[in-house]
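Asks: need a structure here:
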Amino acid sequence: MSPSMSPSSGLLAPAPPWETTQWFNSEPLDLAQLRGRVVVLEAFQMLCPGCVSHALPQAVRLSRTFGDDLAVIGLHTVFEHHRAMTPTSLEAFLHEYRIPFPVGVDAFRSAHPAPVTFSRYRMQGTPTTVLIDRDGVLRAHEFGQVDDMALASAVTRLLDGAAPRPVDEEAAPGACALDGTCT
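Replies: Numbers count the residues shown, from 1 in each chain. Have a look, this model is predicted:
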């Protein structure tokens with residue numbers, strides 16, 4: 001997964017707060033409640049083919065594989081087809097696709113075309129997979145399909161608190177690469 005660093009300092013940045021309007025499969029959650037746990041945030045849209053065919057099934061597998069050791073959170077972040085992707089439609093979708101983990105609906109403001117959390121994380125589209133460490137630091141951010149083994153490796157390293165090792169000479173401390181290595 002590509003590293004996510006603060007543009008001005010080159011240092012790792014705290015994960016931005018989520019702004020949601022509704023939650024499914026859970027009471028409302030925020031990052032402060034999840035401090036101490038590794039978090040995988042899976043941003044998706046229910047009409048996104050890559051989300052339905054790869055990212056959401058992968059998130060379900062992560063949730064089942066790692067159980068309570070890992071907080072898998074879905075973020076339904078709609079930046080198109082707003083009238084089709086209502087909370088009622090999402091509720092049916094989550095039921096039909098058997099999504100067991102908490103899913104928040106990203107807040108939307110009509111003055112800005114992109115949802116709030118989507119913008120805060122500088123996402124390019126869906127699916128986007130985000131890794132947040134136990135201290136609430138944004139460790140990785142990847143748009144598109146992520147390899148199962150690479151993601152499981154990156155998650156395992158964060159869960160184990162493995163000693164950092166460099167990804168390459170240019171890598172900043174604390175970043176995870178797509179091959180699953182973290183520094």
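Asks: please name the residues that touch the residue most central in space within the chain.
Replies: What sits nearest the mean C-alpha location of the chain, by C-alpha atoms, centre = their mean, is Leu41, with 2.0 Å. Leu41 is in contact with 18, 73-75, 129-132, counting by C-beta atoms under 8 Å, 6 or more residues apart in numbering. Glycine gets a C-beta too; all of them are placed from N, C-alpha and C.
Asks: if we go to 6 Å?
Replies: By C-beta atoms under 6 Å, 6 or more residues apart in numbering, the contact set of Leu41 is 73, 75, 130.
Asks: same question, Thr126
Replies: Contacts of Thr126 by C-beta under 6 Å, 6+ apart are 43-45, 48, 51.
Asks: inside strands: which ones of these?
Replies: Among those, the ones falling in strands (DSSP state E) are 43-44.
Asks: could you dump the contacts of Thr126 into TSV and include distance to Phe108?
Replies: What follows is these, written out as TSV (distance: C-beta to C-beta, whole Å):
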residue	distance to Phe108
Ala43	14
Phe44	15
Gln45	12
Cys48	16
Cys51	18
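Asks: how many neighbours does Ala152 have?
Replies: Residues near Ala152, counting by other C-beta atoms under 10 Å, number 17.
Asks: ok, Pro14 - contacts?
Replies: Counting by C-beta under 6 Å, 6+ apart, the residues that Pro14 touches are 136-137.
Asks: which pLDDT value belongs to it?
Replies: As predicted, Pro14 sits at a pLDDT of 90.
Asks: cool, and Ser110?
Replies: Among the per-residue scores, Ser110 holds a pLDDT of 73.
Asks: gap between it and Val116?
Replies: 12 Å (C-beta to C-beta, to the nearest Å).
Asks: what about those two, which has more around it?
Replies: Taking neighbours as other C-beta under 10 Å, Ser110 and Val116 compare with Val116 leading, 19 against 6.
Asks: correct me, but the more buried one touches Thr21?
Replies: No: in this structure, Val116 is not within contact of Thr21 by C-beta atoms under 6 Å, at 9.3 Å.
Asks: so what sits against both of these two?
Replies: Ala107.
Asks: reformat the contacts of Leu41 as CSV; add distance to Leu90, secondary structure and neighbour count.
Replies: CSV is the format used below for those (distance: C-beta to C-beta, whole Å; DSSP: H, G, I helix; E, B strand; the rest coil; neighbours: other C-beta atoms under 10 Å):
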residue, distance to Leu90, secondary structure, neighbour count
Ile73, 15, strand, 25
Leu75, 11, strand, 24
Val130, 20, strand, 23
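Asks: picking that back up, a strand runs through the residue nearest to the centre of the chain, doesn't it?
Replies: Yes: according to DSSP: H, G, I helix; E, B strand; the rest coil, Leu41 belongs to a strand.
Asks: what pairs with it across the strands?
Replies: In this structure, Leu41 bridges to Ile73, Val130 when assessed by DSSP bridges.
Asks: residues in contact with stretch 93-101?
Replies: Residues outside stretch 93-101 that contact it (C-beta under 6 Å, 6+ apart): 24, 46, 63, 72.
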